[in-house]
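Colleague: 3D, please:
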Amino acid sequence: MFDLLPYNTFGLDVKAKEGIIIKQVEELALIKETKTLFLGQGSDVLFVSDYDGLAVINAIGGMDIVKIDNHYEVRAGGGLILDDFIKSLLTYGIFGLENLSAIPGTVGAAPVQNIGAYGCEIGDYITEVEVYDLDTKRLFTLSHDECQFGYRTSLFKEQKHLRYFITHVNFSFDAQFSPNLIYPGLKDEELKDAMSIRNRVISLRERKLPDPRFVGNAGSFFKNPLVDLKTLEKIRAKFPDVPVFSQDDGTYKLAAGYLIDKAGCRGITHGHAGTWEHQALVIVNRGQAKPHEIVSLAQYVAAEVEKLFEIKLIPEVRIIGKDGEISWDQI
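Modeller: A predicted model of the protein is given here:
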C-alpha cells in the first residue's frame, strides 16, 4: 500500500494500492497500471475512501524563460510548487500571477481546476499545456482554446481525459506591469508593485484561510454559484448586502462563503470536521477526521444553503473514491 497522507492537504489517513513518483517525463512510459490517479500536493482533492489503483505523483521540475519582444514565454514543470513558481517569476521581474500567491498545489494541478483568486484566473496566462496520454503512450500539446478553461473547470476534468498527465505548462506574460486591484482588500494606492500585491494577498489569505500544514483543508470547498437575474433579485429582496460579481455571459456570481455564513454554518463542527471560523467556505479537519465526517458536514452545509436560498452548492474539490474520481451525487 502507498501512503497518501503526504499527498492530500485534508490530512486524511488514506492509501492507494500502489504509488509512483514521476520526476522525468520518460518515466511515464513505464506505467502499466490501467487504474491511475494523478496527484501533486493533493490540495484540490477529497478522498472518501482508500484508492484501489496506482497513485502517480507529479514531481517534474524545471523552468525555462524566454523574452520575446514585449512579453515573456515561460515553460514550467508540472511538479513545481505553484507558490514557489510565482515567487520565482517575481524575482525575474515577471508579473501576472501575484494575485494567486499562497494557493497550495502544483503548477500541473492548476490548469485542471483553472484556479483563481482575487480577480485572477491562471487560465488567462496559459498558452499551452503539455500532456502525456497514458492510454496512447504519446506526448502532445494542447492549445489554450483546446484546454476549454471555464470557472473552476477545464477539459482535464472530463472523464475521457482523466488519463492526461500534465508534464509542463506554458505561460505568456506581458513585460509591462499591469496590477489587478479590482478585488476588495487590494484597492490600495500603496500597492505599486507586484511584490507588494503578493505580500498583501498572502496577508489576506493568512487572516481568512487556515494553513494546510497545520489545519487540514483543501481551500474553498464549494464553487461560488452562478445565478440568473431573477434568482439574484429574489435573494437581494431578503439579503440586500449579498456580494455579487457580474459575469460576461450575463449571469451573476454569488459568494458561497456568504451564503454558508447566513445559513448558520460558519464555525460549526461535525465529529472531527468543521467549517473554518474565519471563512465558512473552507471545510477543515479538526484532527483525525475520517472521510465520512468531511462528507457528512459538507452535505449538511449544502442542504442548509439550499433550504435558505434555493441554490445548490457544487464542490470545487475533486471527490476521489475507491475507483477514482466521482461526482458529488454519487456519494
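Colleague: I'd like the distance between Ile57 and Leu46.
Modeller: 18 Å (CB to CB, to the nearest Å). All C-beta atoms are positioned from the backbone trio N, CA, C, and that covers glycine.
Colleague: neighbouring contacts of whatever helix or strand Lys87 lives in?
Modeller: Per DSSP states H and E: Lys87 is located in helix 82-91. The contact list for helix 82-91, computed with CB atoms under 8 Å, 6 or more residues apart in numbering, reads 63, 74, 76, 95-98, 100-107, 109-110, 115, 173, 194-195, 198.
Colleague: Let's see that helix as CSV, backbone CA atoms only.
Modeller: Output of helix 82-91 as CSV, limited to C-alpha atoms (Å, rounded to 0.1, in the frame of the first residue of the first chain):
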residue,chain,number,x,y,z
LEU,A,82,2.8,26.8,-7.6
ASP,A,83,3.7,29.4,-4.9
ASP,A,84,7.4,28.8,-5.4
PHE,A,85,6.9,29.2,-9.1
ILE,A,86,5.1,32.5,-8.6
LYS,A,87,7.8,33.8,-6.3
SER,A,88,10.5,32.8,-8.8
LEU,A,89,8.7,34.7,-11.6
LEU,A,90,8.6,37.9,-9.5
THR,A,91,12.4,37.6,-8.8
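Colleague: Which positions in it come out as buried?
Modeller: Burial within helix 82-91, assessed by neighbour count using 16 or more other CB atoms under 10 Å, is assigned to Leu82, Asp83, Phe85, Ile86, Lys87, Ser88, Leu89, Leu90.
Colleague: What of stretch 94-109?
Modeller: The neighbour-count check on stretch 94-109 (16+ other CB under 10 Å) flags 94-109 as buried.
Colleague: Now flag whichever of the residues you listed is closest to Lys137.
Modeller: Gly108 (18.8 Å; CB to CB).
Colleague: thought that closest one was touching Ile60?
Modeller: Yes: Gly108 lies in contact with Ile60 (CB atoms under 8 Å); the separation is 7.4 Å.
Colleague: Overlap of the contact sets of the two?
Modeller: In contact with both Gly108 and Ile60: Gly77, Gly78, Gly79, Leu80, Thr167, using CB under 8 Å, 6+ apart.
Colleague: hang on, the earlier thing: so for Ile57 and Leu46, which residue has more residues nearby?
Modeller: Leu46 (25 against 22; other CB atoms under 10 Å).
Colleague: Against His270, how distant is the more buried one?
Modeller: Going from Leu46 to His270 by CB to CB gives 14 Å.
Colleague: Kindly report the same for Met63.
Modeller: 42 Å.
Colleague: ok, the two, which is more surrounded?
Modeller: More neighbours surround His270 than the other of Met63 and His270, with 19 against 16 (other CB under 10 Å).
Colleague: for the more buried one, what are its contacts?
Modeller: Glu293, Ser296, Leu297, Tyr300.
Colleague: Many thanks, have a good one.
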